[in-house]
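In: Predicted model, plus sequence, below.
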Amino acid sequence: MPDEGPITSEFANDPDMAILIAEFVASLPKHTHTILERIEQGANEQARTMAHQLKGAGGGYGFPLVTDAARVVELAIREKRMDDARTAAKALITLCARVVS
Amino acid sequence: MNSHDHMPPTTATARLLAIDDSELIHRLLKFRLQHERLEIHGAINAREGLAMARELQPDVILLDIDMEDMNGFDVLTTLKNDPLTQDIAVIFISGTEEAMDKVRALDQGAVDFVSKPFEVVELKARLRTAIRSQRLMKMLAQKAQIDGLTGLWNRAYMNQRLAAEVDEARRHGQPLSIILCDIDRFKHHNDHFGHPFGDLVIERFAQILSSGRSSDVACRYGGEEFCVLLPSTTAVEAEEVANRCREQLERITWSDHPGLMVTASFGVTDFGPGRDTAELMLKSADTALYQAKQDGRNRVVVSSLV
């Protein structure tokens, strides 16, 4: 998969999943930007929880790359590497902008 | 006895409660499990989940670890410390990658651990296994409280249930009665007509006692002695129940022994002053039963009238 191209769900061929995936994709911009906002505000535990939730859900909706990127954010916050967390959150936003339903 | 109490585990719809603070996960679970034989409920935080667990009595709980108001381990501890929820199967479903978290979850009493993101087929298989095991455990626990000859509840169950019913009667001011009964001259019948006939008498009497109202709980107290718990029932109403049972028994025609009339004596008591514990109620009913025997058998005596 090209690094800059659209990212589709592993379940894109499952018509039953279409609505669910569309809802998930639609929720990503707000969810990921809020993670970054919480980090900027120093609300690290809230940011970590949101990253953790995305890590748990991403693969379930057929987006393992989202899970991987959210894992990096969560780990950085857990280890109190906040500069890394900020960078990882921005990378997560960039990645999720490529996610399509 | 309520006949539903004896139903074996079936393939009936199981009740699942998912406790997870991620709406994304709830949506996914509901969708992915929609074709399973599951009634799915969701709680969006730990406290709501604990309340729902008590109220819904689910067969299985899918429990997240990382929640804001309380972590999954504390939720599990609370569930296990509550008699109402301690037997519910709990499967952790978590994004944690720490092996020690998994060990801790299982050590604390979880039956399984599923990692997020989860594979749907794996989750379904683990749920089926947990529900099957849970039902078998329930069946075994129930079997241990059932009398082998009659299929009635045994004395251990009766003691436990009576104590619970007494608590309910005290808390809500509801009437509660018990009937203690004993087959008259049972030893004579047994010795004279043989043990198989004695067993038959016990079985038929048990059928009579258990064929009444579904809310009544019939138990074999021991040997030829039985006890019936009658929640929300006054002593006068219990006396009527006892008399119906007495008449049914004496009317039975025993094909191998024409002309034989088998009878039983009954002692009835209710919850009230001086009879406000399980022990005192049993003692009171026993006194009434003794009086019934003394008065010539085949009769019902109510203890408050003794």
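Out: Okay, I see it.
In: check contacts around residue 30.
Out: Picked chain A for this. Listed by Cβ atoms under 8 Å, 6 or more residues apart in numbering or on different chains, the contact set of A:Lys30 is empty. Every residue, glycine included, has its C-beta placed from N, CA and C.
In: should've been chain B
Out: B:Ile40, B:Gly42.
In: Would you double-check that it falls in a helix?
Out: Yes. Assigned with DSSP: H, G, I helix; E, B strand; the rest coil, B:Lys30 falls within a helix.
In: Against A:His33, how distant is it?
Out: Distance of B:Lys30 to A:His33, computed by Cβ to Cβ, to the nearest Å: 26 Å.
In: And the helix ranked longest in chain A, what's buried?
Out: Under DSSP state H, the helix in chain A containing the largest number of residues is helix A:18-41. Buried positions in helix A:18-41, judged by neighbour count with 16 or more other Cβ atoms under 10 Å in any protein chain shown: A:Leu20, A:Ile21, A:Phe24, A:Val25, A:Ser27, A:Leu28, A:His31, A:Thr32, A:Ile35, A:Leu36, A:Arg38, A:Ile39.
In: next SSE after it?
Out: As assigned by DSSP states H and E, the chain's next helix or strand after helix A:18-41 is helix A:44-58.
In: now the angle between helix A:18-41 and that following helix, please.
Out: 160 degrees (axes from the mean of the first three to the mean of the last three Cα atoms, to 10 degrees).
In: Residues touching stretch A:33-49, excluding its own?
Out: By Cβ under 8 Å, 6+ apart, stretch A:33-49 touches A:50-51, A:54, A:73-74, A:77-78, A:80, A:82, A:85-86, A:89-90, A:92-93, B:21, B:66, B:68.
In: Also stretch B:225-234?
Out: By Cβ under 8 Å, 6+ apart, stretch B:225-234 touches B:152, B:155, B:158, B:161-162, B:165, B:168-169, B:174-182, B:205-206, B:209, B:212-213, B:215-221, B:237-238, B:241-242, B:270, B:282, B:285.
In: swap in stretch B:236-245?
Out: B:177-179, B:181, B:208-209, B:212-213, B:216, B:228, B:230, B:233, B:264, B:266, B:268, B:270, B:300, B:302.
In: Keep only those of these that are in helices.
Out: Short answer: the contacts of stretch B:236-245 in helices (DSSP H) are B:Ile208, B:Leu209.
In: of the contacts of stretch B:236-245, buried ones?
Out: B:177-179, B:181, B:208-209, B:212, B:216, B:228, B:230, B:233, B:264, B:266, B:268, B:270, B:300, B:302.
In: show me what contacts the nearest residue to B:Asp256 once chain neighbours are set aside?
Out: Spatial nearest neighbour of B:Asp256, excluding adjacent residues (Cβ to Cβ, 6 or more residues apart in numbering or on different chains): B:Phe197 at 6.9 Å. By Cβ under 8 Å, 6+ apart, the contact list for B:Phe197 reads B:His189, B:Asn190, B:Trp254, B:Asp256, B:His257.
In: ok, the residues you listed vs chain A, which is closest?
Out: Chain A has its nearest neighbour among the contacts of B:Phe197 in B:Trp254, at 64.3 Å by Cβ to the nearest Cβ.
In: Dihedrals phi and psi, the nearest residue to the closest one once chain neighbours are set aside?
Out: Using Cβ to Cβ, 6+ apart and skipping residues adjacent in sequence, the residue nearest B:Trp254 is B:Leu260, 5.1 Å away. B:Leu260 adopts backbone torsions of phi -80, psi 130, taken as degrees, to the nearest 10.
In: So which of the contacts of stretch A:33-49 belong to helices?
Out: Per DSSP H, the contacts of stretch A:33-49 map to helices at A:50-51, A:54, A:73-74, A:77-78, A:82, A:85-86, A:89-90, A:92-93.
In: from those residues, which are also near chain B?
Out: The residues of the ones in helices among the contacts of stretch A:33-49 that also fall near chain B, by Cβ under 8 Å from any Cβ of the partner chain, are A:Leu54.
In: out of the ones in helices among the contacts of stretch A:33-49, which are buried?
Out: A:Met50, A:Ala51, A:Leu54, A:Val73, A:Glu74, A:Ile77, A:Ala85, A:Arg86, A:Ala89, A:Leu92, A:Ile93.
In: quick one: which helix or strand includes B:Arg246?
Out: Counting by DSSP H and E, B:Arg246 is found in helix B:235-250.
In: got the buried residues for that helix?
Out: Using 16+ other Cβ under 10 Å as the test for burial, helix B:235-250 gives B:Ala235, B:Glu237, B:Ala238, B:Glu239, B:Val241, B:Ala242, B:Cys245, B:Arg246, B:Gln248, B:Leu249.
In: same check, this time on stretch B:104-118
Out: Per 16+ other Cβ under 10 Å, stretch B:104-118 contains these buried residues: B:Arg104, B:Ala105, B:Gln108, B:Ala110, B:Val111, B:Asp112, B:Phe113, B:Val114, B:Ser115, B:Lys116, B:Pro117, B:Phe118.
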